[in-house]
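K.L.:
Any chance you could fold what I've pasted below:
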Amino acid sequence: MRRTDIPATKSNLLRLKEQFSFVTAGHALLDQKREVLLEELVNIHREAGHLWRELVAHLAEVYGAFRAALLAQGRGALAEEALAPAAPVTLRVRERSVMGVIVPLLELEAEEQPAPVTAPGWGAAGAAEVRQRVRQLLPALVRLAEVEVSCRRLAVELQKTRRKVNALEHIFLPQYRDTIHFIDSSLEEKEREALFHMKRLKARRESAMGGQP
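P.N.:
Residues are numbered from 1 along each chain as shown. Below you'll find the model as predicted:
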């Protein structure tokens, strides 16, 4: 909307002032949304970093237990252990909204797995320990997946919101202000010109009436 695109009339001035109020309110809401999204994204990103550090530490423990079991039992025995049926795991997916952004809520429901019946020995205990440690990682993995998906969606929406806020702040609102000021000034100038012409006409009329016999 360029300033010269709109005729300088009172009706246009009233309409632009109403639109300006609406756009200003929209800018305030978008700016508030931007702040909320940024705060939520910072908190989730911080949690993601914490989860990653914990997961790396737990994975190191799993690999250590796996190496020990591999040395004690051998690759073939561990491969057979891996074929054993695992307890069923259910992943329930729900959603929540953060300023209009849908982010997932993942809930893991795992049944207790009965301890395998094995003969006494280091090897069986080592394989069971690996299985248990891997199973214990599932909640952290599910939470990390939830956090990472939320981070991506919030980041995308935050970028969109920032572009909208910047467009309103640096393009549309200044255009509205300039156009309103231009029309207001034009109308004032027209009123001054009209008043000046009325005074001249009045003066001529009075002069003409005064010159009559």
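K.L.:
Double-check that V142 belongs to a helix.
P.N.:
Yes - assessed with DSSP: H, G, I helix; E, B strand; the rest coil, V142 lies in a helix.
K.L.:
now it: how far from L106?
P.N.:
5 Å (CB to CB, to the nearest Å). Glycine gets a C-beta too; all of them are placed from N, C-alpha and C.
K.L.:
Tell me the residues that contact both of the two, please.
P.N.:
Jointly contacting V142 and L106 under the rule CB atoms under 8 Å, 6 or more residues apart in numbering are L91.
K.L.:
From the centroid of this protein, which residue is nearest?
P.N.:
L154 (3.2 Å; CA atoms, centre = their mean).
K.L.:
what helix or strand is it on?
P.N.:
helix 122-167 (DSSP states H and E).
K.L.:
next helix or strand past that helix?
P.N.:
Using DSSP H and E, the first helix or strand after helix 122-167 is helix 173-210.
K.L.:
Show me which helix runs longest in the protein.
P.N.:
helix 10-73 (DSSP state H).
K.L.:
Tell me how many other residues crowd V147.
P.N.:
23 (other CB atoms under 10 Å).
K.L.:
oh sorry, the question was meant for E206
P.N.:
10.
K.L.:
That one and A194, how far apart?
P.N.:
19 Å.
K.L.:
Who are the packing partners of the worst-scoring helix or strand of the chain on mean pLDDT?
P.N.:
Lowest on mean pLDDT, DSSP states H and E among the helices and strands of the chain sits helix 75-82, with a mean of 73. Secondary-structure packing of helix 75-82 (3 or more CB pairs under 8 Å, 6 or more residues apart in numbering; DSSP states H and E): helix 10-73, helix 122-167.
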